[in-house]
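Visitor: Please work out how this folds:
(chains A, B and C)
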Amino acid sequence: MQETEFDARIAAGETIEPKDWMPERYRKQLIRMMSQHAHSEIVGMLPEGNWITRAPTLRRKMGLLAKVQDEAGHGLYIYCGTETLGIDRSELIDQLLSGKAKYSSIFNYPTLTWADIGAIGWFVDGAAIVNQTMLAKASYGPYARAMIRICKEENFHKRQGYEIMATLAAGTPEQHRMAQDAVDRWWWPSLMMFGPSDKDSPNSAELTKWGVKRKGNDELRQRYVNLSVAQAKAIELTLPDPALKFNETTGDWDFGPIDWDEFQRVVRGDGPCNRERLEARNAAHRDGAWVRQAAEAYAAKHAH
Amino acid sequence: MQPLHTYCLRLADDRLVLGHRLSEWCGHAPILEEDIALANIALDLIGQANLFYGLVGDPDQLAYLRDGIDYQNALIVELPKGDFAFTIIRQFLFSAAALYQMDALSRSTNADLGGIAAKATKETRYHVRHAGDWVLKLGDGTDESHRRAQDALNALWRYTGELFLVDAVDEALIAEGLAPRLDAAQWRETVTDVIHRATLTVPDDGYMQRGGRQGRHTEALGHLLSEMQILQRSHPGAKW
Amino acid sequence: MSGNGEWPLWEVFVQPPGGAPFEHAGSVHAVDAESALQNARDVYARRGEAVNIWVVPTGAITASTPEDQGPFFEPGNDKPYRHPQFYTSPRGVRV
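Guide: As a prediction, this is how the structure comes out:
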């Protein structure tokens, strides 16, 4: 009946819009996936925002500020898209602040040097682009449209990061060391961004059936690795994987084993910065309550 | 340094320092929309600073390699960001003055200066609008927001006089039509109107703090510059 | 403690430069029209994608429903007189 019709629409590549009938499970999965994505953008502002006041040139300062601003905007687009599924932003925010909701675990790592900013742009945004390009064809209209908008802006983020790394790699010995050190710390976590292998991923099958995910985690991760190897070579930085080897048969770069224990540990809350990230968001929310209340009070007084 | 360069340096320093203070909110604002809005204003200001520095010399050299005693920003912009009320009131008071200044400066006999000022006028108009809207919301919001806004106004008022001080540098430029003579009365009328509509009280004029234009700053600037300049100072001559 | 999910939702329409029609860009939360407009400008138009912005309270929009899709939107295929190809004109004449 409705479910069969829905499946047929998905199979035909149709876009599902907010007022269309959808299985309750589809709605729930989308809310989970979209809100997790939005939370990641918001939390992602923190490791990068950490270096705005220390950005080493005016151009870098403005570039980083614009990037972090974009991330806030991306979070906003996706929160608004999620709300079309019948949930309030305030409820989503509560889920994040209480620790109930997940966000991309990559943001639980610290930014220790300016080179980390380059590494994040290059690796983290690079991985996000691979993922988001696929999501731009997601079956749910508001999500797909938010992704298209985000993809346009994301390219500048990755370019910026890569340019920073290239400059450092070609700079003084201290700068080169700074860049290589950042690569050593951010490479493996960036591979984990694509999630567990498909065979170990509980949500993958359903999301694929419903046209939300159109490609598997492993395929996307491999694409990202292939792109990154060439990019690293071009700027003379070494990816910290002795097992990296070009496979003549597949045309892919084979890579070494990912430490899934580390991934699980960070997802579970024992990463370097989990507590700090959540506390920072809670502090902003708490300290800002009087401001939000003021705006509401003013609007109530002046409503016509 | 010739008067024109000093004048441009002051404009640039004001904007860089204020933009830097605003950028400190990124990721910590009361609402997501405000993270974006404050970042926008910060970007505009730093962009303007970059252009004004460009009329004097190498912008990065000027921004990252001068000590505090060579900075000539007004004191009001270097004060720590405080709470949201402090940030908003400071922004409003500064931008209201900056709007008149940029608007008049856009008619400078120096085309470069005039061009930058014309662009800055458009941006500043929006800054005044945004900050002004928040002044109303905070002043006429809740008891708590009203108290915080009034506290901020009381703390900041003594730094507003410096924005209208005229010295030999200004006089030299005014004489040649390069820069305008600023009218404090016009600014006062504008801000008083908004302050009253926000149900706030204009503080009494007392002694107006000054010294920024002569490189005599508050203790805050030293910390700000330490943070801002650290990488360039630690890696002399490096490219970023 | 108030979040701002209770703030009214506004739909944002932006008009790109060059005389193009308004397009739906997304939504913003804001307490009033003035801040909705400012938020919309900051979120959806900071790269110069818009020369004009409309913000409309979401509740003010009357929308067709999926059930309408059949009868509400007339199928065009059997009403050829609505399409220019239905009409002929002499060769060489621009109409």
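Visitor: hey, let's count contacts and neighbours off CA atoms from now on
Guide: Noted.
Visitor: Same question for stretch A:276-284: list its buried residues.
Guide: With burial defined by 16 or more other Cα atoms under 10 Å in any protein chain shown, the residues of stretch A:276-284 counted as buried are A:277-278, A:280-284.
Visitor: With secondary structure and pLDDT added, can I get the residues you listed in TSV?
Guide: Below are the buried residues of stretch A:276-284 laid out as TSV (DSSP: H, G, I helix; E, B strand; the rest coil; pLDDT from 0 to 100):
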residue	secondary structure	pLDDT
A:277	helix	96
A:278	helix	96
A:280	helix	96
A:281	helix	96
A:282	helix	96
A:283	helix	97
A:284	helix	97
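Visitor: any idea which helix or strand comes after the helix ranked longest in chain B?
Guide: Longest helix of chain B, by residue count under DSSP state H: helix B:111-139. Scanning forward in sequence from helix B:111-139 by DSSP states H and E, the next helix or strand is helix B:143-156.
Visitor: Using CSV, list the CA coordinates for the next helix or strand after that next one.
Guide: Note on helix B:143-156: by DSSP H and E, the next helix or strand toward the C-terminus is helix B:168-175. In CSV, the C-alpha atoms belonging to helix B:168-175 read as follows (Å, rounded to 0.1, in the frame of the first residue of the first chain):
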residue,chain,number,x,y,z
ALA,B,168,47.4,68.0,14.5
VAL,B,169,47.1,65.0,12.3
ASP,B,170,43.4,65.4,11.7
GLU,B,171,43.8,69.2,11.3
ALA,B,172,46.4,68.7,8.5
LEU,B,173,44.0,66.4,6.6
ILE,B,174,40.9,68.5,7.2
ALA,B,175,42.7,71.5,5.8
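Visitor: Residue C:54: which element?
Guide: strand C:52-57.
Visitor: Which elements pack onto that strand?
Guide: strand C:9-15, helix C:33-44 (3 or more Cα pairs under 8 Å, 6 or more residues apart in numbering or on different chains; DSSP states H and E).
Visitor: would you turn these into TSV with mean pLDDT, mean neighbour count and distance to residue A:208?
Guide: Formatted as TSV, the helices and strands packed on strand C:52-57 follow (pLDDT from 0 to 100; neighbours: other Cα atoms under 10 Å in any protein chain shown; distance: least, Cα to Cα, whole Å):
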stretch	mean pLDDT	mean neighbour count	distance to residue A:208
strand C:9-15	94	22	30
helix C:33-44	94	22	30
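Visitor: Those: which one's closest to chain B?
Guide: Across the helices and strands packed on strand C:52-57, chain B has its closest neighbour in helix C:33-44 (6.0 Å, Cα to the nearest Cα).
Visitor: which other residues reach stretch C:14-21?
Guide: C:22-25, C:44-45, C:49-54 (Cα atoms under 8 Å, 6 or more residues apart in numbering or on different chains).
Visitor: can you count the residues close to residue A:123?
Guide: By other Cα atoms under 10 Å in any protein chain shown, the residues close to residue A:123 number 25.
Visitor: Indicate the residue of the stretch 101-250 of chain A located nearest to chain B.
Guide: residue A:167 (6.2 Å).
Visitor: Chain A: helices as residue ranges?
Guide: A:2-11, A:24-49, A:58-83, A:89-97, A:114-119, A:126-135, A:141-169, A:173-192, A:204-209, A:217-234, A:260-265, A:274-287, A:289-302.
Visitor: Of the ones you listed, which is nearest residue B:46?
Guide: Proximity to residue B:46, assessed across the helices of chain A by Cα to Cα, is greatest for helix A:58-83 (7.2 Å).
Visitor: Near chain B, which residues of the stretch 201-304 of chain A are found?
Guide: A:280-281, A:283-285, A:287-299 (Cα under 8 Å from any Cα of the partner chain).
Visitor: how close does residue A:41 get to residue B:118?
Guide: Look at residue A:41 and residue B:118: by Cα to Cα, to the nearest Å, they are 35 Å apart.
Visitor: what about those two, which has more around it?
Guide: residue A:41 (23 against 18).
Visitor: Contacts only, for that one.
Guide: If you count contacts by Cα under 8 Å, 6+ apart, then residue A:41 has A:71-72, A:74-75 around it.
Visitor: 6 Å instead, please
Guide: Going by Cα atoms under 6 Å, 6 or more residues apart in numbering or on different chains, residue A:41 touches A:71, A:75.
Visitor: just to revisit the earlier point, got the contact list for the strand holding residue C:54?
Guide: By Cα under 6 Å, 6+ apart, strand C:52-57 touches C:10-15.
Visitor: same question, stretch A:240-258
Guide: A:184, A:226.
Visitor: Tell me how confident the model is about that stretch, as a mean pLDDT.
Guide: For stretch A:240-258, mean pLDDT rounds to 97.
Visitor: Likewise for stretch B:47-66?
Guide: Stretch B:47-66 comes out at a mean pLDDT of 98.
Visitor: tell me how far it is from the chain's mean position?
Guide: Relative to the mean C-alpha coordinate of its chain, stretch B:47-66 is positioned 16 Å out (Cα atoms, centre = their mean, to the nearest Å).
Visitor: Equivalent analysis for stretch B:87-100, please.
Guide: Distance, centroid of stretch B:87-100 to centroid of chain: 7 Å (Cα atoms, centre = their mean).
Visitor: All the helices of chain B, residue numbers only.
Guide: Going by DSSP H, chain B shows helices at B:3-23, B:32-54, B:59-64, B:75-78, B:84-105, B:111-139, B:143-156, B:168-175, B:184-197, B:219-234.
Visitor: Just put those in TSV and tack on distance to chain C.
Guide: Output for the helices of chain B, formatted as TSV (distance: least, Cα to the nearest Cα, whole Å):
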stretch	distance to chain C
helix B:3-23	16
helix B:32-54	6
helix B:59-64	24
helix B:75-78	23
helix B:84-105	15
helix B:111-139	7
helix B:143-156	14
helix B:168-175	35
helix B:184-197	16
helix B:219-234	26
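Visitor: Residue A:127: which of the ones you listed is closest?
Guide: Of those, the one closest to residue A:127 (Cα to Cα) turns out to be helix B:32-54, at 24.0 Å.
Visitor: Now do the contacts for residue 198.
Guide: Assuming you mean chain A. residue A:217.
Visitor: wrong chain, I was asking about chain B
Guide: Contact analysis of residue B:198 by Cα under 6 Å, 6+ apart lists B:136, B:139-140.
Visitor: Equivalent analysis for residue B:30, please.
Guide: Counting by Cα under 6 Å, 6+ apart, residue B:30 has contacts A:284-285, A:288.
Visitor: try it again with 8 Å
Guide: Residue B:30 sits next to A:284-285, A:287-289, A:291-292, B:84 when contact means Cα under 8 Å, 6+ apart.
Visitor: pLDDT score assigned to residue C:73?
Guide: 63.
Visitor: before we move on, back to that, worst average pLDDT in the helices of chain A?
Guide: Among the helices of chain A, helix A:204-209 carries the lowest mean pLDDT (a mean of 84).
Visitor: what does that one rub up against?
Guide: Under Cα under 8 Å, 6+ apart, the answer for helix A:204-209 is A:29, A:198, A:213-216.
Visitor: returning to what we had before: restricted to buried residues, select the contacts of stretch C:14-21 in PyMOL.
Guide: Selection command for PyMOL covering only the buried members of the contacts of stretch C:14-21, criterion 16+ other Cα under 10 Å:
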select buried, chain C and resi 22+25+44+45+50+53+54
